[in-house]
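Participant: Next come a sequence and a model predicted from it.
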Amino acid sequence: MNCESFGECGGCALPLEYEEQLSRKTESFFDIFAGFDLPETKIFASKKSRFRNRGEFRVWHESGGVALSMRKKRGNGAIAIGRCPAMNNRFCANMQAMADFIGDRPALFERLFELDFLASSDEKDMVVALIYHKPIDERWSEAARAFGDRFDIGVIGRSKGIKLVIGDEFITERVTIEGKIWSYKYIEGAFSQPNGYINHKMLGYIFDLFEPIDSDYLELYCGNGNFTLPLSKKFNNLVAIEANANSLATAKINAINNDCDNIFFARMSAEDFASAMNKTRPFNRLKELDLDACRFHTALVDPPRFGLDCASLNLIASRERIVYISCNPKTLRRDLEDLSKTHRVVSAALFDQFPYTEHIESCVILERK
Ligand SMILES: C[S@@+](CC[C@H](N)C(=O)[O-])C[C@H]1O[C@@H](n2cnc3c(N)ncnc32)[C@H](O)[C@@H]1O
């Protein structure tokens with residue numbers, strides 16, 4: 001990567017040429033699955049630079065201004081970054097100017113310790129969050145308005161118990177799948193896939209695998225509805241579960257904006273939904289849903305790094321088809337040991353969602369034996 005801090009900055013923990021880091025990651029994926037009968041795995045490479053649509057920087061205060069920084073790869077301490085080519089083009093091009101703008105205004109820089117951004121792949125929308133160790137007020141709002149106008153962005157200020165929003169706190173991400181444009185709102189502060197290019201590949205890969213089927217679909221860990229929305233065209237009725245309130249609220253808005261009226265969303269943990277399905281515990285928030293009438297042929301799960309809990313694993317093990325998206329191949333392997341008693345893996349893919357880091361995103365599709 002064409003970056004003067006490459007090798008020194010902890011943001012790129014695997015500072016190798018792009019192809020080399022991908023082949024190292026691929027090898028490590030196959031090592032984890034050694035002895036496991038995986039079908040041929042498709043490898044989806046990322047763009048080599050400008051691939052991150054969201055990022056977090058520490059703010060470094062120095063006499064005469066502030067700098068955006070990352071932790072050093074080795075040892076303690078931080079390294080100032082004026083240009084980060086891993087980030088979305090628009091943010092990369094403006095990050096130094098943003099730091100300079102903030103550094104000239106005490107209302108913006110005093111006790112500021114973190115700057116986060118979220119941008120759309122088409123670079124039309126961007127939101128920047130400024131996070132403080134002191135309360136923020138009207139004086140901050142005035143300066144933040146000027147910051148937002150200067151860079152044409154939404155600005156969010158956060159400090160303990162306070163959140164102030166200037167302009168939009170979300171961006172709109174557009175994804176084309178088989179000629180149809182899907183429009184997603186991503187809200188700042190909630191989960192969204194960081195690598196827009198790879199996310200489009202993941203959506204295309206999963207969408208292409210299935211023909212429409214006269215049955216229902218269950219999704220656990222649905223986030224903002226990233227996978228749920230396009231898959232709503234393949235099934236009769238969908239139930240999508242998500243624990244985070246902001247993500248679920250965004251998913252509901254995204255469903256309305258994309259005319260998806262066959263999805264029932266519930267804010268609850270995957271574990272709780274499994275107990276509702278097992279009838280071990282009733283939930284008021286599911287009272288509008290006739291669980292006995294749901295015929296979940298397919299289940300899609302996209303859990304956090306620790307993988308699936310026992311109850312969720314048992315719940316999906318009774319489906320005909322399982323789509324398991326994972327950001328941790330070790331917990332995927334653990335869960336596949338169980339699922340492969342009843343299912344066989346029919347398709348597998350590795351997505352380089354996090355280039356220049358050790359992180360591996362993958363997806364396997366299982367069908368009942
Ligand atoms: C890896 S993200 C995937 C989100 C979504 N599939 C996407 O592509 O944007 C995992 C999601 O699981 C949610 N989550 C974490 N723990 C959960 C739990 N126990 N039950 C349900 N959702 C959970 C998080 O809030 C997050 O939105």
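Facilitator: Looks like it came in fine.
Participant: going forward, measure contacts between C-alpha atoms and count neighbours the same way
Facilitator: Noted.
Participant: mind checking which helix or strand Thr250 is in?
Facilitator: helix 245-257 (DSSP states H and E).
Participant: contacts for that helix?
Facilitator: Helix 245-257 is contacted from outside by 183-187, 190-191, 222-226, 229, 242, 261, 263, 265-267, using Cα atoms under 8 Å, 6 or more residues apart in numbering.
Participant: give me the subset of those residues touching the ligand.
Facilitator: Filtering those for neighbours of the ligand using Cα under 6 Å from any ligand atom leaves Phe191, Cys222, Gly223, Asn224, Asn226, Glu242.
Participant: OK, contacts around the fifth one?
Facilitator: By Cα under 8 Å, 6+ apart, the contact set of Asn226 is Tyr184, Ala251.
Participant: Ok, the third one next?
Facilitator: Residues in contact with Gly223, defined by Cα under 8 Å, 6+ apart, are Phe191, Ser192, Glu242, Asn244, Ser247, Leu248, Ala251.
Participant: Determine which two of those are furthest apart.
Facilitator: Ser192 and Glu242 (13.0 Å; Cα to Cα).
Participant: quick one, which of these two is more surrounded?
Facilitator: Legend: neighbour count by other Cα atoms under 10 Å for Ser192 and Glu242, higher for Glu242 (24 against 20).
Participant: Read off the pLDDT value for the residue in the stretch 251-369 of the chain that the ligand sits nearest to.
Facilitator: The ligand sits closest to Ser269 of the stretch 251-369 of the chain, with a gap of 3.3 Å, by Cα to the nearest ligand atom. Looking at Ser269, its pLDDT stands at 98.
Participant: Also Asp104?
Facilitator: Looking at Asp104, the pLDDT reads 96.
Participant: Find the nearest non-adjacent residue to it, please.
Facilitator: Using Cα to Cα, 6 or more residues apart in numbering and skipping residues adjacent in sequence, the residue nearest Asp104 is Gly65, 6.6 Å away.
Participant: From the opening residue of stretch 174-181 to its closing one, how far?
Facilitator: Separation of the first and last residues of stretch 174-181 by Cα to Cα, to the nearest Å is 6 Å.
Participant: quick check, distance from that stretch to the centre of its chain.
Facilitator: Relative to its chain's centre, stretch 174-181 lies at 19 Å (Cα atoms, centre = their mean, to the nearest Å).
Participant: Equivalent analysis for stretch 343-352, please.
Facilitator: Going by Cα atoms, centre = their mean, where stretch 343-352 is centred and where its chain is centred differ by 19 Å.
Participant: List the buried residues of that stretch.
Facilitator: His343, Arg344, Val345, Ser347, Ala348, Ala349, Leu350, Phe351, Asp352 (16 or more other Cα atoms under 10 Å).
Participant: which one of the residues you listed sits closest to Ile166?
Facilitator: The closest of the buried residues of stretch 343-352 to Ile166 turns out to be Asp352 (Cα to Cα; 34.0 Å).
Participant: What confidence value was assigned to the closest one?
Facilitator: Value for Asp352, per-residue pLDDT: 98.
Participant: residues touching it, list them.
Facilitator: Counting by Cα under 8 Å, 6+ apart, Asp352 touches Leu22, Ile43, Phe44, Ala45, Ser46, Ile198, Ile360, Glu361.
Participant: now with 6 Å?
Facilitator: Listed by Cα atoms under 6 Å, 6 or more residues apart in numbering, the contact partners of Asp352 are Ala45, Ser46.
Participant: swap in Phe51?
Facilitator: Ala86, Met87, Asn88, Asn195.
Participant: Switch those residues over to CSV; also include secondary structure.
Facilitator: As requested, the contacts of Phe51 are arranged in CSV below (DSSP: H, G, I helix; E, B strand; the rest coil):
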residue, secondary structure
Ala86, coil
Met87, strand
Asn88, coil
Asn195, coil
